[in-house]
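Peer 1: this one's structure only:
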(Lines give C-alpha, C1' and ligand atoms only; values in the text may rest on other atoms or scores of the structure.)
Protein backbone atom coordinates (compact mmCIF):
# COMPACT_ATOMS: atom_id res chain seq x y z
CA UNK A 1 0.00 0.00 0.00
CA UNK A 2 1.48 3.36 -1.00
CA UNK A 3 1.57 6.52 1.09
CA UNK A 4 -1.00 8.07 -1.17
CA UNK A 5 -3.55 5.34 -0.56
CA UNK A 6 -3.02 5.31 3.20
CA UNK A 7 -3.51 9.05 3.69
CA UNK A 8 -6.90 9.97 5.12
CA UNK A 9 -9.33 11.73 2.82
CA UNK A 10 -9.98 15.42 3.44
CA UNK A 11 -12.86 16.12 5.80
CA UNK A 12 -14.99 18.03 3.27
CA UNK A 13 -14.73 15.56 0.42
CA UNK A 14 -12.79 16.48 -2.70
CA UNK A 15 -11.74 19.99 -1.73
CA UNK A 16 -8.80 21.61 -3.48
CA UNK A 17 -5.83 22.54 -1.32
CA UNK A 18 -5.89 26.11 0.02
CA UNK A 19 -4.41 28.67 -2.34
CA UNK A 20 -1.02 29.99 -1.41
CA UNK A 21 -0.49 33.73 -1.72
CA UNK A 22 1.56 34.90 -4.66
CA UNK A 23 5.14 35.72 -3.79
CA UNK A 24 5.77 39.39 -3.31
CA UNK A 25 7.76 40.96 -6.13
CA UNK A 26 10.74 43.11 -5.33
CA UNK A 27 12.90 45.40 -7.42
CA UNK A 28 12.17 48.58 -9.31
CA UNK A 29 9.19 48.54 -11.65
CA UNK A 30 9.62 50.49 -14.87
CA UNK A 31 5.85 50.97 -15.15
CA UNK A 32 5.59 52.45 -11.68
CA UNK A 33 8.63 54.63 -12.34
CA UNK A 34 7.02 55.91 -15.56
CA UNK A 35 3.82 56.64 -13.63
CA UNK A 36 5.82 58.59 -11.05
CA UNK A 37 7.48 60.71 -13.75
CA UNK A 38 4.17 61.39 -15.53
CA UNK A 39 2.48 62.29 -12.24
CA UNK A 40 5.32 64.67 -11.34
CA UNK A 41 5.18 66.29 -14.78
CA UNK A 42 1.42 66.75 -14.45
CA UNK A 43 1.84 68.37 -11.03
CA UNK A 44 4.51 70.75 -12.31
CA UNK A 45 2.34 71.64 -15.30
CA UNK A 46 -0.62 72.39 -13.01
CA UNK A 47 1.44 74.66 -10.74
CA UNK A 48 3.09 76.51 -13.63
CA UNK A 49 -0.19 76.88 -15.54
CA UNK A 50 -2.00 78.13 -12.43
CA UNK A 51 0.35 81.12 -12.40
CA UNK A 52 -1.10 82.28 -15.72
CA UNK A 53 -4.67 82.52 -14.39
CA UNK A 54 -5.85 86.12 -14.46
CA UNK A 55 -6.82 87.43 -11.03
CA UNK A 56 -9.58 90.04 -11.13
CA UNK A 57 -9.19 93.12 -8.98
CA UNK A 58 -12.26 92.15 -6.97
CA UNK A 59 -10.85 88.78 -5.89
CA UNK A 60 -11.08 87.98 -2.20
CA UNK A 61 -8.32 86.36 -0.15
CA UNK A 62 -8.82 83.02 -1.88
CA UNK A 63 -8.44 83.85 -5.53
CA UNK A 64 -8.85 81.71 -8.62
CA UNK A 65 -5.26 80.43 -8.37
CA UNK A 66 -5.65 78.85 -4.94
CA UNK A 67 -7.23 75.53 -5.88
CA UNK A 68 -5.07 74.90 -8.97
CA UNK A 69 -1.99 75.54 -6.80
CA UNK A 70 -3.39 73.23 -4.12
CA UNK A 71 -4.18 70.42 -6.56
CA UNK A 72 -0.83 70.80 -8.33
CA UNK A 73 1.02 70.74 -5.01
CA UNK A 74 -0.84 67.61 -3.91
CA UNK A 75 -0.07 65.89 -7.23
CA UNK A 76 3.64 66.77 -6.85
CA UNK A 77 3.67 65.53 -3.23
CA UNK A 78 2.02 62.27 -4.34
CA UNK A 79 4.59 61.85 -7.13
CA UNK A 80 7.45 62.43 -4.68
CA UNK A 81 6.04 59.92 -2.17
CA UNK A 82 5.49 57.37 -4.93
CA UNK A 83 8.99 58.02 -6.28
CA UNK A 84 10.55 57.34 -2.88
CA UNK A 85 8.67 54.04 -2.66
CA UNK A 86 9.61 53.03 -6.20
CA UNK A 87 13.32 53.77 -5.66
CA UNK A 88 13.23 51.80 -2.39
CA UNK A 89 12.05 48.81 -4.42
CA UNK A 90 8.50 48.69 -3.08
CA UNK A 91 5.88 47.49 -5.51
CA UNK A 92 2.16 47.90 -5.47
CA UNK A 93 0.22 44.84 -4.37
CA UNK A 94 -1.38 42.67 -7.02
CA UNK A 95 -5.13 42.87 -7.33
CA UNK A 96 -6.18 39.35 -6.54
CA UNK A 97 -9.86 40.19 -6.44
CA UNK A 98 -10.10 41.04 -10.12
CA UNK A 99 -10.83 38.38 -12.69
CA UNK A 100 -7.97 39.34 -15.00
CA UNK A 101 -5.56 37.03 -16.75
CA UNK A 102 -2.22 38.73 -16.16
CA UNK A 103 -0.52 36.41 -18.63
CA UNK A 104 -2.77 37.47 -21.52
CA UNK A 105 -1.41 39.96 -23.98
CA UNK A 106 -2.85 43.36 -24.74
CA UNK A 107 -5.83 43.40 -27.10
CA UNK A 108 -4.47 46.00 -29.50
CA UNK A 109 -7.57 45.79 -31.67
CA UNK A 110 -9.73 46.97 -28.76
CA UNK A 111 -7.21 49.67 -27.86
CA UNK A 112 -7.24 50.93 -31.45
CA UNK A 113 -11.04 50.94 -31.66
CA UNK A 114 -11.30 52.84 -28.37
CA UNK A 115 -8.69 55.39 -29.49
CA UNK A 116 -10.58 55.95 -32.76
CA UNK A 117 -13.85 56.29 -30.81
CA UNK A 118 -12.35 59.02 -28.59
CA UNK A 119 -10.90 60.83 -31.61
CA UNK A 120 -14.21 60.62 -33.47
CA UNK A 121 -15.98 61.92 -30.37
CA UNK A 122 -13.71 64.96 -30.23
CA UNK A 123 -14.22 65.64 -33.93
CA UNK A 124 -18.00 65.12 -33.89
CA UNK A 125 -18.98 67.16 -30.81
CA UNK A 126 -19.53 70.40 -32.71
CA UNK A 127 -20.96 68.65 -35.78
CA UNK A 128 -23.67 66.40 -34.32
CA UNK A 129 -23.79 67.65 -30.74
CA UNK A 130 -22.37 66.43 -27.45
CA UNK A 131 -25.10 63.89 -26.53
CA UNK A 132 -25.04 62.06 -29.86
CA UNK A 133 -21.23 62.07 -29.96
CA UNK A 134 -21.12 60.61 -26.43
CA UNK A 135 -23.75 58.01 -27.34
CA UNK A 136 -21.73 56.84 -30.34
CA UNK A 137 -18.51 56.77 -28.33
CA UNK A 138 -20.13 54.86 -25.45
CA UNK A 139 -21.62 52.27 -27.79
CA UNK A 140 -18.36 51.81 -29.68
CA UNK A 141 -16.26 51.46 -26.52
CA UNK A 142 -18.73 48.99 -25.00
CA UNK A 143 -18.67 46.94 -28.23
CA UNK A 144 -14.84 47.01 -28.32
CA UNK A 145 -14.70 45.79 -24.72
CA UNK A 146 -16.94 42.84 -25.50
CA UNK A 147 -20.53 43.93 -24.88
CA UNK A 148 -23.07 41.60 -26.42
CA UNK A 149 -25.23 43.53 -28.81
CA UNK A 150 -25.10 47.21 -29.62
CA UNK A 151 -28.63 48.39 -28.84
CA UNK A 152 -28.36 48.28 -25.05
CA UNK A 153 -25.02 50.20 -24.89
CA UNK A 154 -26.35 52.80 -27.33
CA UNK A 155 -29.53 53.24 -25.24
CA UNK A 156 -27.55 53.50 -22.00
CA UNK A 157 -25.12 56.00 -23.55
CA UNK A 158 -27.95 58.00 -25.12
CA UNK A 159 -30.03 58.30 -21.95
CA UNK A 160 -27.01 59.12 -19.79
CA UNK A 161 -25.63 61.69 -22.22
CA UNK A 162 -28.96 63.51 -22.62
CA UNK A 163 -29.49 63.66 -18.84
CA UNK A 164 -25.95 64.94 -18.29
CA UNK A 165 -26.35 67.47 -21.11
CA UNK A 166 -29.61 68.78 -19.63
CA UNK A 167 -28.07 69.10 -16.16
CA UNK A 168 -24.98 70.91 -17.42
CA UNK A 169 -26.63 73.16 -20.01
CA UNK A 170 -29.97 73.94 -18.39
CA UNK A 171 -29.20 73.74 -14.66
CA UNK A 172 -25.51 74.73 -14.48
CA UNK A 173 -25.43 77.02 -17.55
CA UNK A 174 -22.36 75.30 -19.03
CA UNK A 175 -22.09 75.52 -22.81
CA UNK A 176 -22.13 72.06 -24.40
CA UNK A 177 -23.26 71.80 -28.02
CA UNK A 178 -26.44 69.77 -28.11
CA UNK A 179 -27.04 69.52 -31.78
CA UNK A 180 -30.02 71.01 -33.57
CA UNK A 181 -32.64 68.42 -32.59
CA UNK A 182 -31.81 68.31 -28.88
CA UNK A 183 -31.62 72.08 -28.58
CA UNK A 184 -35.03 72.42 -30.26
CA UNK A 185 -36.53 69.69 -28.06
CA UNK A 186 -35.25 71.26 -24.81
CA UNK A 187 -35.63 74.92 -25.74
CA UNK A 188 -38.90 75.25 -23.77
CA UNK A 189 -37.24 74.85 -20.33
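Peer 2: Yes, it's here. Just so we're clear, the structure is a prediction, and the values are computed from it rather than from any experiment.
Peer 1: From residue 161, how far off is residue 114?
Peer 2: 17 Å (Cβ to Cβ, to the nearest Å). (Each C-beta comes from the backbone N, C-alpha and C, glycine too.)
Peer 1: typo on my end, residue 125
Peer 2: Relative to residue 161, and taking Cβ to Cβ, residue 125 is found at 11 Å.
Peer 1: Between these two, which has more neighbouring residues?
Peer 2: Per other Cβ atoms under 10 Å, whichever of residue 125 and residue 161 has more neighbours is residue 161, with 23 against 18.
Peer 1: Was I right to think that one contacts residue 130?
Peer 2: Yes: using Cβ atoms under 8 Å, residue 161 is in contact with residue 130, at 7.0 Å.
Peer 1: tell me which element residue 166 falls in.
Peer 2: Using DSSP states H and E, residue 166 sits within helix 151-166.
Peer 1: Residue 89: neighbouring residues, count only.
Peer 2: Neighbour tally, residue 89, other Cβ under 10 Å: 11.
Peer 1: do the same with residue 165
Peer 2: The burial count for residue 165: 23, using other Cβ under 10 Å.
Peer 1: Tell me which stretches of the protein form helices.
Peer 2: In the chain, the helices defined using DSSP state H lie at 3-6, 30-50, 66-88, 108-128, 130-144, 151-166, 180-185.
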